[in-house]
Every structure is written in structure tokens, then in C-alpha cells.
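1. One predicted model, sequence on top.
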Amino acid sequence: MTRNAHLNELGEFLKTRRAELSPRAVGLPESGGVRRVKGLRREEVAQLAAISTEYYTRLEQGRIQASGPVLSALSQVLRLNDDQRDYLFELAGKNQDRPRRRAVQKVQPTLQRLLDNLIDTPAIVVGRRTDILAWNSLAAALITDYAQIPEKKRNHTRILFTDPAMRTLYADWEEVAHTTVAQLRMQAAKYPDDPRLATLVGELSLQDPHFRHWWGEHHVATHTMGTKTFRHPVAGKLTLDWDTLTASIDAEQQLVVLTAEPGTPSHDALRILASWATNHQRPGLDTAT
């Protein structure tokens, strides 16, 4: 094939794969209305892959070449199998640029031991793309029961934007969410070839106008400490300081702990919550990215 023929075939291949998928298959809500095209719309694929609709349209029209990271994101969005993914990269002439799959991320044993010993302190282990790798019972009692969330959806950013309870739990939800988006953008710069991160950004951009607006602002942040105020249904109002400890073996894992100054109402409320959690929650552990 000539270069133009390859690009045309790549466009037709994308179009065909797009037609095979329903919104439900990629986690999008069904609108209930009549859809004029079979399968996903171009704009839906583009947003899920975190690229512009214009860019994706030009790809389908065979007018431009795609980069390796974009191909990776599209492979994820279109649910391509290994053979289809290889074919896509071959058509794009990007065989050598295909990123290696990252190893499954597991919580470091040292962090797990620390987590297990933190009885009166809420703590979670956060991995790549803000995935929740592990947590203790008090973190589950304070924030959410992570064990009830499917492993692939167990992500701090996703939970913050998709669980309505978070907007009540965090007294300053907009500030917390805005900062989280800025931190996620730092992750996107560090791992531009991560298809799961691209899919996460695409899904949240479609589902939440706040996320879409803040992501478009291109703000970045690397905060490792601060203060959060919670409005908890059991413990009431808690103002907690948070700090992070990075694993020396794996810098992509951080232990996030939340504490209250002794003698304060928040400290007393945390003790009440710890007592309640003993009877209502269990520690959780996730070993997959």
C-alpha cells in the first residue's frame, strides 16, 4: 500500500470498529433517543480518547497521521484485541512506537504493613492515575467503602466526580476536585502513552462539565499535603490534615494519611468514627491496575 492508501485504510478500520460498539459497551449512558449512526458517534470516540473531534474526524478521513499515544488511546476506547491493535499500528507505521504495557501495579508490602498498623488514622495507598491500591477500615468509613467499587473503577478522580455523595462529603468539593484534576494532568504529562488514563479523561470529560472545564484550563499541581474538611453523616464535621509518604521502592505509590490535631473536636470525631468503623468496615486491598 502507498502512504495514502494506508491512511485511508486506517480511517475505514476506525470507522468499522466504531460502528461495532454501543454507548453502553464503553460505559456511556444510553440517551434513549434515535441515533442516526450505527455504534458510537465520532465525538464520543474523540472525547473518550481525550482528543478533539476535528482531529479524530481527520483520522477517519485519512488526512493525517496519528501519534503512538493517540493510537494507544483509540485501541483502548475501541476495545481492540491484540491482533487488531497490531494492525492499527502497522497501518499507521508506528510499530516501533507502540508503548509497552505497564506491569500490574501492586501495593508495596512495606506500605501495606504501615496501612495495617494505622488503626486510628484514615489512610489509603494511591498509585498511577490516582488509582486506589489499598486502604484501611477508617479510610473506608470516612470516604467510601472501596470494596464495593469494581477494581477497574476504583480510582480517586473517578469517584470524586461520579459519586454524588462526594459533593456532600467534602465541604470544599470544588477546590478538592479542581486540585485533583490539576494533579491528574501532571500524570498525563508524565505518562502520555497510558491508554487507561486517556480513557479516564475522556469518560469524565463527557460526563461532567466541571471536569471538562478544569481539564481545559491546563492547570497543574503536585500537592503532597494540605487540609480537607469533611461533613460526615456519622462523625459530623471534621477538619483533617493530609500528608503523603512515597514508597522508596516504587515512587508511583503514595501512602496518604489524614490526621487531626489532638484535643480538637475533629480529633474526638475521628475517634468516634474509628470505634464505629471497627464494627462496620473491613480493610481492603486491590492488586490490579
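-> Looks like it came in fine. Numbering: from 1, shown residues only.

2. For the lengthiest strand in the chain, which outside residues touch it?
-> Counting by DSSP state E, the longest strand found in the chain is strand 236-246. Residues outside strand 236-246 that contact it (Cβ atoms under 8 Å, 6 or more residues apart in numbering): 111, 114, 122, 142, 171, 224-232, 253-261, 264-266, 269-270, 273. Any C-beta I mention is one placed from the backbone N, CA and C, and that applies to glycine too.

3. In strands, which of those residues fall?
-> Using DSSP E, the contacts of strand 236-246 in strands are 225-232, 254-259.

4. one step back: may I have the strands that pair with the longest strand of the chain, each with its orientation?
-> In the sheet, strand 236-246 lines up against strand 225-232 (antiparallel), strand 254-259 (antiparallel) (DSSP bridges).

5. Take those and lay them out in a markdown table including mean neighbour count.
-> Shown next, in a markdown table, are those (neighbours: other Cβ atoms under 10 Å):
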| stretch | mean neighbour count |
| --- | --- |
| strand 225-232 | 15 |
| strand 254-259 | 20 |
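
6. Please name whichever of those is nearest to A25.
-> Ranking these by proximity to A25 (Cβ to Cβ) places strand 254-259 first, at 33.1 Å.

7. With only the CA atoms kept, save the closest one in PDB.
-> C-alpha atoms of strand 254-259 as PDB (Å, rounded to 0.1, in the frame of the first residue of the first chain):
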ATOM      1  CA  GLN A 254       2.000   7.100  47.800                       C
ATOM      2  CA  LEU A 255       0.500   6.500  51.300                       C
ATOM      3  CA  VAL A 256      -1.900   9.300  52.000                       C
ATOM      4  CA  VAL A 257      -2.800   9.800  55.700                       C
ATOM      5  CA  LEU A 258      -5.300  12.100  57.300                       C
ATOM      6  CA  THR A 259      -4.900  13.300  60.900                       C
END
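
8. same question for that strand, mean pLDDT?
-> The average pLDDT within strand 254-259 is 96.

9. Stretch 18-32 too?
-> For stretch 18-32, the mean pLDDT works out to 77.

10. which other residues reach it?
-> 37-40, 42, 44-45, 48, 77-79, 203, 206-207.

11. Please state the offset of that stretch from the chain centre?
-> Its chain's C-alpha centre and that of stretch 18-32 lie 20 Å apart, by Cα atoms, centre = their mean, to the nearest Å.

12. re earlier: how about CSV for the strands paired with strand 236-246, with distance to V107 added?
-> Formatted as CSV, the strands paired with strand 236-246 follow (distance: least, Cβ to Cβ, whole Å):
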stretch, distance to V107
strand 225-232, 21
strand 254-259, 9
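
13. pLDDT score assigned to the residue lying closest to I124 once chain neighbours are set aside?
-> Take I124 and drop its neighbours on the chain: the residue closest to it by Cβ to Cβ, 6 or more residues apart in numbering is W135, 4.4 Å away. For W135, the model assigns a pLDDT of 96.

14. Surely W135 is in contact with T121?
-> No: W135 is not in contact with T121 according to Cβ atoms under 8 Å; the separation is 11.7 Å.

15. Could you pull up the residues touching the residue nearest to H267 when sequence neighbours are not counted?
-> Closest residue to H267 apart from its sequence neighbours, by Cβ to Cβ, 6+ apart: A260 at 4.0 Å. Shown in contact with A260 (Cβ under 8 Å, 6+ apart): 238-241, 266-267, 269-270.

16. Same check on L160?
-> 166, 170, 173, 176-177, 180.

17. Just those: which are in helices?
-> 166, 173, 176-177, 180 (DSSP state H).

18. List just the nearest of those to D131.
-> Relative to D131, and with distances defined as Cβ to Cβ, the nearest of the ones in helices among the contacts of L160 is T180, at 12.9 Å.

19. In space, what's closest to that closest one - neighbours in sequence excluded?
-> T157 (5.4 Å).

20. What spatial separation is found between the closest residue in space to K94 that isn't next to it in sequence and G216?
-> Nearest residue to K94, sequence neighbours excluded (Cβ to Cβ, 6+ apart): G68, at 5.1 Å. Per Cβ to Cβ, to the nearest Å, G68 is found 24 Å from G216.
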